[in-house]
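Asker: Generate a structure from the sequence data that follows.
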Amino acid sequence: MRSFSATELGLTIVQTVLPGIHAGATLKYVRGTLRSSSAAAGQSPSELLDLGDALTGGNAESRFDLDAGVMGVAGPVRVGAVMRNVRAPTFGGGAFVLPRQTRVGAALDLERKSGLVLAVDADARRYATASGDRRVVAAGAEQWVWKRRVGLRGGGRFNRVGARERVGTAGASVAVRRGLYVEGQIARGRTASAERGWGLGARVTF
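Answerer: Sure thing, here's the model as predicted:
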C-alpha cells in the first residue's frame with residue numbers, strides 16, 4: 001500500500017502570441033511525501049485499514065515542475081489544450097511518478113447573445129491514479145438567466161478505461177451584487193469508486 005501527499009506553489013504567466021492565440025504556463029514548486037506499507041494475501045479489510053494507518057517512510061522531497069497550455073479564439077469558438085506535470089517528477093527514489101496529463105477541449109461561447117456556453121473536453125492519453133487508470137471525456141453547459149444574475153450549470157464525466165466511472169455534476173452562481181458571486185456545486189457518481197462531493201464558495205471579479 002502506498003500513500004502520496006503533495007503541496008504545490010505555482011506562478012502562472014499568460015501571453016498573447018498572435019491575435020486570438022494565447023499561451024500560458026504555471027511554474028510549480030512541488031513538495032511531496034511518499035509513504036508505504038506491506039500487505040499479505042488474504043488479509044481482511046480491517047487489517048488493510050490498520051496497515052493504512054501504519055504507513056511508514058515519508059521523507060518530504062521537493063521538485064520543480066511545469067503546467068502549460070494554449071488556447072485559440074475565433075468569434076464564439078474556443079479551442080484549447082493543456083499539459084499538466086510536464087516533467088513527470090518522481091518521488092521516493094523513483095517509486096512514484098506524478099503522471100503527465102494531456103487534455104484537449106472546445107467551447108461555444110454564446111454568453112453575450114443568449115447567456116449560453118457549451119463545452120466538451122477529453123484526456124488525450126490515459127494516466128494512473130490511486131483508484132486506477134483514467135481517461136476522461138466530459139461535457140457540460142452553462143446558462144445565465146434573470147438579467148444574467150443567476151448562472152446554472154450541468155454536465156457529466158465518463159472514464160473510458162479502468163473502472164469506467166460515470167459522474168453527473170450540477171452547479172449555480174448568484175450575483176449578490178456587481179462583481180460579487182456566491183457559488184455552489186455538487187457531483188454524484190453511479191459507482192462506489194466514482195467521485196462524490198459538493199462545495200460552496202464566493203468569487204470577486206474586477
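
Asker: Number of residues surrounding Arg178?
Answerer: 7 (other C-beta atoms under 10 Å). Every C-beta, even on glycine, is put in place using the N, C-alpha and C of the backbone.

Asker: whoops, Gly75 was the one
Answerer: Other residues near Gly75 come to 8 when the count uses other C-beta under 10 Å.

Asker: next one: Ser114
Answerer: Neighbouring residues of Ser114 were enumerated by other C-beta under 10 Å; the total is 9.

Asker: pLDDT weak spots in this protein?
Answerer: 38-57, 192-193 (pLDDT under 70).

Asker: Now do the domain split for it, please.
Answerer: Domain segmentation of the chain under automatic domain parsing yields 1-85, 99-206.

Asker: Between those domains, which one is closest to Gly93.
Answerer: Closest to Gly93 of these, according to C-beta to C-beta: domain 1-85, at 8.9 Å.

Asker: ok now the closest one, how far from the chain's centre?
Answerer: Taking C-alpha atoms, centre = their mean, to the nearest Å, one finds domain 1-85 lying 9 Å from the centre of the chain it belongs to.

Asker: repeat for stretch 194-206
Answerer: Averaging C-alpha coordinates over stretch 194-206 and over its chain gives two centres that are 13 Å apart (C-alpha atoms, centre = their mean).

Asker: mind listing what's buried in that stretch?
Answerer: Of the residues in stretch 194-206, those buried under the neighbour-count criterion (16 or more other C-beta atoms under 10 Å) are Ala194.

Asker: Looking at the domains of the chain, spot the one closest to Gly92.
Answerer: Closest of the domains of the chain to Gly92 is domain 1-85, at 3.7 Å (criterion: C-beta to C-beta).

Asker: Using PDB, write out every CA atom in stretch 142-154.
Answerer: Extracted as PDB, the C-alpha positions of stretch 142-154 are listed here (Å, rounded to 0.1, in the frame of the first residue of the first chain):
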ATOM      1  CA  GLU A 142     -23.900  26.900 -18.600                       C
ATOM      2  CA  GLN A 143     -26.900  29.200 -18.900                       C
ATOM      3  CA  TRP A 144     -27.300  32.700 -17.400                       C
ATOM      4  CA  VAL A 145     -30.800  33.900 -16.700                       C
ATOM      5  CA  TRP A 146     -32.700  36.600 -14.800                       C
ATOM      6  CA  LYS A 147     -30.700  39.500 -16.400                       C
ATOM      7  CA  ARG A 148     -27.500  37.400 -16.100                       C
ATOM      8  CA  ARG A 149     -27.700  37.400 -12.300                       C
ATOM      9  CA  VAL A 150     -28.100  33.700 -12.000                       C
ATOM     10  CA  GLY A 151     -26.000  31.100 -13.800                       C
ATOM     11  CA  LEU A 152     -27.000  27.400 -13.900                       C
ATOM     12  CA  ARG A 153     -24.600  24.600 -14.900                       C
ATOM     13  CA  GLY A 154     -24.800  20.900 -15.600                       C
END
